[in-house]
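Participant: Here is a sequence with its predicted model. Questions after.
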Amino acid sequence: GVAHLGVDIEVTRPRRAGLARYICSPEEYAWYEELGGDWESLYTIWTLKEARVKCTGEGLRQRPETIAVPRLGPGQTGELEGLIFRSYAGNGWRGAVCCVPPEEPPERILEHHP
């Protein structure tokens with residue numbers, strides 16, 4: 001089922017060469033290079049992908065390059081295919097959150113559930 005919220009936080013560290021090509025679609029690889037082409041940039045993309053599959057409940061049963069995410073830098077929020085994403089960053093880590101928007105505005109939900 002859908003978890004409605006997916007969160008991923010990763011400590012940035014060097015991984016094997018070629019990982020970016022495996023994780024990224026060709027379009028995302030160009031974006032990765034625009035971001036700086038470093039490990040931090042790759043983790044920015046990776047955490048968005050992980051957050052998405054945790055949110056949707058799909059898990060990593062598909063090739064990472066096929067997991068679509070919006071082009072967000074740390075601190076940015078965006079939407080893709082009905083999901084809301086936010087990217088985070090700190091010294092030595094990257095993170096992302098993905099959620100399914102509520103069916104009704106939060107203030108309406110609070111009215112019903114005092």
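Facilitator: Sure, I can see it.
Participant: CA only for contacts and neighbour counts going forward, please
Facilitator: Noted.
Participant: what about this structure, any weak spots by pLDDT?
Facilitator: 1-3, 104-114 (pLDDT under 70).
Participant: run the last query once more with 80
Facilitator: Where the chain drops to pLDDT under 80, the residues are 1-3, 59-60, 102-114.
Participant: pull the longest helix from it.
Facilitator: In the chain, taking DSSP state H as the definition, the longest helix is helix 39-56.
Participant: Pairing partners for whatever helix or strand comes next after that one, with directions?
Facilitator: Using DSSP states H and E, the next helix or strand after helix 39-56 towards the C-terminus is strand 77-80. Partners of strand 77-80 in the sheet, by DSSP bridges, are strand 83-90 (antiparallel).
Participant: Please name every helix or strand in contact with whichever helix or strand comes after the partner strand.
Facilitator: In the C-terminal direction, the helix or strand that comes right after strand 83-90 (DSSP H and E) is strand 93-99. The contact analysis (3 or more CA pairs under 8 Å, 6 or more residues apart in numbering; DSSP states H and E) places strand 93-99 against strand 5-11, helix 39-56, strand 83-90.
Participant: what about the ones you listed, which gets the closest to Arg21?
Facilitator: helix 39-56 (10.0 Å; CA to CA).
Participant: residue contacts, the most centrally placed residue in the chain?
Facilitator: Central residue check for the chain by CA atoms, centre = their mean: the C-alpha nearest the mean position is that of Leu48, 1.1 Å away. Taking CA atoms under 8 Å, 6 or more residues apart in numbering, we find Leu48 in contact with 8, 69, 85-87, 95-98.
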